[in-house]
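**Student:** Fold the following for me, if possible:
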Amino acid sequence: MVAWFQKLPFQMRWMAWIWCGILVLVCWEQSHWWQVREDYLFGYLSLPFALYVLYERLPKIQDVLLVQNCTIPSPPAWLKYFSALALISAFGAISLGSLILYAQGHSQPASFLMSLGFPMIVFSSVILFAQNMTGGQLPLGERLRLIGLLAFPSLVWVLSTPVLSFIENRISLILLRQVMTVVFFIFDSLGLFIEQRGNTLLLPKGPVGVADACSGIRSLMACLFAGSFLGAVFLSSLLKKCIFVLIACALAFVFNIARSLFLTVWAYRNGPDSIAGVVHDFTGFAVLGLTAICLLALVPLFETKSQTLTS
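**Tutor:** Alright, predicted model coming up:
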C-alpha cells in the first residue's frame with residue numbers, strides 16, 4: 001500500500017496528506033466528547049471503522065485512479081466554481097472551529113464546524129484536483145465514483161460528534177412526546193391507573209419523571225452510526241444504504257418505546273425508585289444490543305455478498 005501511494009502523482013499525494021492532517025485535528029477534538037459523554041462512547045470506533053472501510057475499498061479506488069483520459073476529462077466550469085466555493089467555505093469552517101477551540105475550549109459549535117468541514121474539503125478537492133496514476137485528468141464520472149468510495153470515511157465524523165444543542169433538544173422533545181403518548185395510551189387502554197402531567201407519569205406508587213435522555217436521542221445516534229457502517233460494508237447500492245439507515249433509526253425508536261414501557265411497568269409494580277441505577281442502565285444498553293442484532297439479521301435480506309462494495 002505504501003509503494004502504491006508513492007506512485008501517485010504529486011498533486012494527489014499532497015491532497016491526501018492535507019486530509020490526514022485535518023483528520024488528526026478532527027479526531028483529537030472529538031475525543032473530548034467521547035470521554036465526557038457516555039452516549040458518544042461509540043465515537044472511539046469511528047477511526048477504526050473508517051480505516052477498515054477505506055482498506056476494503058482500496059482496490060476500487062485503485063481502479064478509479066487507473067482510468068485513462070476521455071474526450072471530456074474535466075468537470076464543467078460551473079461545477080469547478082461551486083467546488084472552489086465549497087473548498088474555501090470548508091477551510092473557513094475548519095479555521096473558525098479551531099479559533100473557537102482555542103478561545104473557549106471544546107464546544108459543540110467547534111466540533112460541528114470541524115466535522116462538517118472535513119467531508120466538504122475531501123469532496124470538493126476530489127472534484128478540483130483528482131488525477132489518475134499518470135497525472136492526467138480524471139473523467140467526471142470517475143471523480144464522482146471516488147467521492148462515493150470516500151463517503152463513509154469522510155462523513156462518519158458528522159455522526160460521532162454531538163449534535164448542536166438546539167437541534168438535539170428539538171429532536172429530543174419530539175421523540176419524548178411520542179414515547180409519553182404511546183406509554184400513556186397502552187396503560188390507559190388496559191385500564192391501569194395512570195395520569196400524565198407534562199413529562200411526569202403519575203402511577204399508584206408514585207410519580208415517574210421521563211427525562212430527555214429517555215426520549216431515545218442517545219440510542220438513535222448510536223444506531224444511526226451502526227446502520228451507516230453496516231450499510232457501507234455490506235450493501236452495494238446507495239438506495240439500499242439509505243433504506244438500511246432509516247430502518248436502523250426506526251428500530252431504535254421502537255425499542256426505546258419498548259424500554260420506556262418496560263420501565264413504567266416495573267415502576268408500576270415496584271415503585272419509582274426501583275427503576276434507577278442498574279435497571280435503567282441495563283435496559284438502555286439492551287436497546288443498542290437488540291438494534292445491532294436486528295440490523296445484522298437484516299443484512300442478508302438486502303445483500304448476500306459483502307464483496308460488492310460501492311457507494
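
**Student:** Can you point out the buried residues in the helix ranked longest in the chain?
**Tutor:** In the chain, taking DSSP state H as the definition, the longest helix is helix 238-270. For helix 238-270, a neighbour-count test (16 or more other Cβ atoms under 10 Å) marks 241, 244-245, 247-249, 251-257, 259-260, 263-268 as buried. To be clear about C-beta, it is placed using only N, CA and C from the backbone, and glycine gets the same treatment.

**Student:** What score does the residue lying closest to residue 107 once chain neighbours are set aside have for pLDDT?
**Tutor:** Using Cβ to Cβ, 6 or more residues apart in numbering and skipping residues adjacent in sequence, the residue nearest residue 107 is residue 100, 6.0 Å away. Note for residue 100: predicted pLDDT of 92.

**Student:** for residue 258, same thing?
**Tutor:** So residue 258 comes in at 88 (pLDDT).

**Student:** Name all residues that make contact with it.
**Tutor:** Counting by Cβ atoms under 8 Å, 6 or more residues apart in numbering, residue 258 touches residue 287.

**Student:** And for the one 10 residues further on?
**Tutor:** Taking Cβ under 8 Å, 6+ apart as the definition of contact, the neighbours of residue 268 are 187, 192, 203, 204, 205.

**Student:** about what we covered before: past the longest helix of the chain, which element shows up next along the chain?
**Tutor:** helix 278-302 (DSSP states H and E).

**Student:** Mind giving me the packing neighbours of that next one?
**Tutor:** Here helix 278-302 touches helix 217-234, helix 238-270, going by 3 or more Cβ pairs under 8 Å, 6 or more residues apart in numbering; DSSP states H and E.

**Student:** Keeping just the C-alphas, turn the shortest one into PDB.
**Tutor:** Coordinates of each C-alpha in helix 217-234 appear next as PDB, following Å, rounded to 0.1, in the frame of the first residue of the first chain:
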ATOM      1  CA  ILE A 217     -32.000  10.500  21.100                       C
ATOM      2  CA  ARG A 218     -28.900   8.800  22.500                       C
ATOM      3  CA  SER A 219     -29.700   5.400  21.100                       C
ATOM      4  CA  LEU A 220     -30.900   7.000  17.900                       C
ATOM      5  CA  MET A 221     -27.400   8.500  17.200                       C
ATOM      6  CA  ALA A 222     -25.600   5.200  18.100                       C
ATOM      7  CA  CYS A 223     -27.900   3.100  15.900                       C
ATOM      8  CA  LEU A 224     -27.600   5.600  13.100                       C
ATOM      9  CA  PHE A 225     -23.800   5.200  13.400                       C
ATOM     10  CA  ALA A 226     -24.100   1.400  13.400                       C
ATOM     11  CA  GLY A 227     -26.500   1.300  10.500                       C
ATOM     12  CA  SER A 228     -24.300   3.600   8.400                       C
ATOM     13  CA  PHE A 229     -21.300   1.300   9.000                       C
ATOM     14  CA  LEU A 230     -23.100  -1.900   8.200                       C
ATOM     15  CA  GLY A 231     -24.600  -0.300   5.100                       C
ATOM     16  CA  ALA A 232     -21.200   0.900   3.900                       C
ATOM     17  CA  VAL A 233     -19.600  -2.500   4.400                       C
ATOM     18  CA  PHE A 234     -22.300  -4.900   3.200                       C
END
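
**Student:** Perfect, I'm done here.
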